[in-house]
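S.K.: give me a model of this one.
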Amino acid sequence: MEKLNRQQILNLPNGITILRILAIPVILLLLNPGRDYQIFTAFFFLAAAVTDYIDGYLARRRGMITTLGKFLDPLADKLLIVTALIALIPTRGIPVWMVVIIVGREIAVTGLRGIAVSQGIVIAASTLGKYKTVFEVASVFCVIMKGGSPHINFYNIGMVLLWIAMGLAILSGFEYFRKFLKSIIV
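M.R.: Predicted coordinates for the structure are as follows:
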């Protein structure tokens, strides 16, 4: 078992990841349906989501990839997206069944990747999974912006993007399971 040293815990990419996790309760507070600052909330959510790219870029570029970062980064991403989607059910009226499919896929893929790792199999993040995340972030951003502009129906745009994200979630979920099955059958 590898022990974590201070440098692994306190490096910049891990700090950015931790900030993404700490942004979640702030976003939840700002999503209160009676509040009038959905534009600020939407951009705050977007900034938190963009930190995923920033921390990954810094970790790779500066050679600061750590075991803790490998664990925290995907966890922070899932927590941010899943929490926002669940919070948008009562505050913006997104369908529960869509959120259940997306969250179910996240749980299933995370469990599958955990089983794969225990068998010495690494299933890397797929391109479809990355696109799914982009569409999830874009859809959440737009749904939060609901009412943010009299000229653009952000809610409808967000729902179209959420449909795409859900489709990609299903497809990428099947892709992960196919990769896993292919690796254990060979």
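S.K.: residue 128 - nearest residue in space that isn't next to it in sequence?
M.R.: Excluding the flanking residues, the one nearest residue 128 by CB to CB, 6 or more residues apart in numbering is residue 172, at 3.7 Å. In short, each C-beta sits where N, CA and C put it, glycine included.
S.K.: which of the helices or strands spans the one you found?
M.R.: helix 154-185 (DSSP states H and E).
S.K.: thinking again about what came up before, check contacts around the residue nearest to residue 128.
M.R.: Contact analysis of residue 172 by CB atoms under 8 Å, 6 or more residues apart in numbering lists 105, 109, 126, 128-129, 131-132.
S.K.: helices of the chain, residue ranges please.
M.R.: 6-9, 12-30, 38-61, 67-92, 96-118, 127-144, 154-185 (DSSP state H).
S.K.: can you redo those helices as CSV with mean pLDDT?
M.R.: Shown next, in CSV, are these (pLDDT from 0 to 100):
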stretch, mean pLDDT
helix 6-9, 58
helix 12-30, 93
helix 38-61, 92
helix 67-92, 90
helix 96-118, 92
helix 127-144, 95
helix 154-185, 93
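S.K.: return the most buried member of those helices.
M.R.: helix 127-144 (a mean of 21; mean count of other CB atoms under 10 Å).
S.K.: how far away from the center of its chain is it?
M.R.: In terms of CA atoms, centre = their mean, to the nearest Å, the centre of helix 127-144 is found 8 Å from the chain centre.
S.K.: same check, this time on stretch 50-63
M.R.: For stretch 50-63 - counting by CA atoms, centre = their mean - the centre lies 15 Å from the chain centre.
S.K.: and the residue nearest to residue 21 when sequence neighbours are not counted, how close does it get to residue 36?
M.R.: Leaving aside its chain neighbours, residue 21 sits nearest to residue 76 (4.9 Å; criterion: CB to CB, 6+ apart). Counting by CB to CB, to the nearest Å, the separation of residue 76 from residue 36 is 28 Å.
S.K.: same deal with residue 89?
M.R.: Taking CB to CB, one finds residue 89 at 20 Å from residue 36.
S.K.: repeat for residue 12
M.R.: On the measure of CB to CB, residue 12 and residue 36 end up 35 Å apart.
S.K.: wait, isn't residue 158 in contact with residue 146?
M.R.: Yes. With contact defined as CB atoms under 8 Å, residue 158 counts as touching residue 146 (7.2 Å).
S.K.: what's near enough to touch the residue lying closest to residue 54 once chain neighbours are set aside?
M.R.: Of all residues not flanking residue 54 in the chain, residue 16 sits nearest, at 5.9 Å (CB to CB, 6+ apart). Shown in contact with residue 16 (CB under 8 Å, 6+ apart): 51, 54-55, 58.
S.K.: closest to the centroid, which residue in the chain?
M.R.: Nearest residue to the geometric centre of the chain (CA atoms, centre = their mean): residue 77, 3.4 Å.
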